[in-house]
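Undergrad: model this:
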Amino acid sequence: MEALTVTAALIMGLFGGPHCAAMCGGITATLTFGLDDRVRTSVVRQLPYLLAYNLGRIASYTAAGALAGGLGAAAALGGPQGEGPALLRGLAGAVMIAIGLYIGGWWPSLSRVERIGLPLWRQLEPLGQRLLPVRSLPTALGLGAVWGWLPCGMVYMVLIQALTAGSAAAGGTLMLAFGVGTLPNLLAMGLFAAALGRFMSNPWVRRAAGGLLVIMGATGLALALGMGSGGMDHG
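TA: Predicted coordinates for the structure are as follows:
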């Protein structure tokens with residue numbers, strides 16, 4: 001797993017904050033208000049539950065990334081020598097450009113991408129409902145694991161990156177990094193929500209992060225095209 005790719009996944013998670021707030025802010029509020037009054041009115045008592053929700057969510061991201069990375073590695077082995085990895089790296093670069101455009105505010109919607117996961121979510125949502133109300137940390141962890149499969153365009157775009165990671169371990173690491181990047185936004189929707197929201201919503205901050213991802217994606221795409229051309233020349 002290249003450190004640059006893990007760094008990109010962290011940037012995607014962190015600066016995708018406005019999307020996370022729109023997708024998961026309501027869920028976070030619902031879970032918080034569903035807690036016992038004694039827990040909900042104390043930040044110290046509430047924090048372990050918030051951590052459990054998010055650890056479950058990130059665990060699901062990591063599992064999905066490992067699955068995608070394994071499938072991608074198998075697919076790369078099936079093509080002509082050198083062609084599979086070049087195609088996958090090219091796809092990774094294109095997806096990173098798309099995420100950068102979204103974060104920078106130049107591509108406004110991921111709603112079409114989110115439709116992909118609706119059939120799976122319809123199967124899992126009743127399981128999440130049965131875990132409510134939350135009365136213990138293991139239940140919170142389980143509910144978070146279900147929450148991790150909520151249809152989300154950002155998650156799916158990073159999963160495509162995981163598909164190109166080269167192995168199940170690398171794909172899982174990539175999604176773990178993305179999940180860790182999302183953690184500050186979702187944990188800070190309480191005490192620090194206003195200040196963090198102003199920073200993450202600042203158009204210059206988002207454009208800078210989006211522009212960085214576009215540059216990284218374009219570099220990866222250019223390298224992949226070079227690999228593909230080199231492979232064809234040797235043939």
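
Undergrad: Identify the single longest helix in the chain, thanks.
TA: The helix that spans the most residues within the chain, counting by DSSP state H, is helix 43-78.

Undergrad: what comes up buried for it?
TA: 46, 49-70, 72-73, 76 (16 or more other CB atoms under 10 Å). Backbone N, C-alpha and C define where each C-beta goes, glycine included.

Undergrad: who does that helix touch, helix- and strand-wise?
TA: Judged by 3 or more CB pairs under 8 Å, 6 or more residues apart in numbering; DSSP states H and E, the packing partners of helix 43-78 are helix 17-33, helix 37-40, helix 83-103, helix 137-147, helix 153-163, helix 168-187.

Undergrad: what's the closest of those to residue 11?
TA: Closest approach to residue 11 among the helices and strands packed on helix 43-78 (CB to CB): helix 168-187, 6.9 Å.

Undergrad: quick one: which of the helices and strands packed on helix 43-78 has the weakest pLDDT on average?
TA: When these are compared by mean pLDDT, helix 17-33 comes last with a mean of 65.

Undergrad: picking up where we left off before, got the angle for the longest helix of the chain vs helix 137-147?
TA: Put simply, helix 43-78 runs at 40 degrees to helix 137-147, going by axes from the mean of the first three to the mean of the last three CA atoms, to 10 degrees.

Undergrad: quick one on the thing from earlier: nearest to residue 10, of the helices and strands packed on helix 43-78?
TA: Each of the helices and strands packed on helix 43-78 has some distance to residue 10 by CB to CB; the shortest is helix 168-187, at 4.2 Å.

Undergrad: quick one: buried residues of the closest one?
TA: By neighbour count on 16+ other CB under 10 Å, the buried set for helix 168-187 is 168, 170-187.

Undergrad: next one: stretch 35-43
TA: 35, 39.

Undergrad: Ok, stretch 136-149 next?
TA: Residues of stretch 136-149 classed as buried by neighbour count (16+ other CB under 10 Å): 139-149.

Undergrad: quick one: contacts of it?
TA: 24, 27, 31, 48-49, 52-61, 64, 117, 120-121, 124-125, 127-128, 131-132, 134 (CB atoms under 8 Å, 6 or more residues apart in numbering).

Undergrad: can you do 6 Å?
TA: With contact meaning CB atoms under 6 Å, 6 or more residues apart in numbering, stretch 136-149 is reached by 49, 52-53, 56-57, 59-61, 124, 127-128, 131, 134.

Undergrad: Could you do stretch 57-69 as well?
TA: Counting by CB under 6 Å, 6+ apart, 144-145, 147-149, 159, 162-163, 165, 167-168, 170-172, 174-176, 179 sit against stretch 57-69.

Undergrad: what separates the residue lying closest to residue 99 once chain neighbours are set aside from residue 118, distance-wise?
TA: Computed as CB to CB, 6 or more residues apart in numbering, the closest residue to residue 99 that is not its neighbour in sequence is residue 157, at 5.1 Å. Separation of residue 157 from residue 118 (CB to CB, to the nearest Å): 16 Å.

Undergrad: Same drill for those two, tell me which one is more crowded.
TA: residue 157 (19 against 9; other CB atoms under 10 Å).

Undergrad: Surely that one and residue 97 touch.
TA: No. Counting by CB atoms under 6 Å, residue 157 does not reach residue 97; the two are 10.5 Å apart.

Undergrad: before we move on, back to that, ok, so of the buried residues of stretch 136-149, who is nearest residue 37?
TA: residue 140 (16.3 Å).
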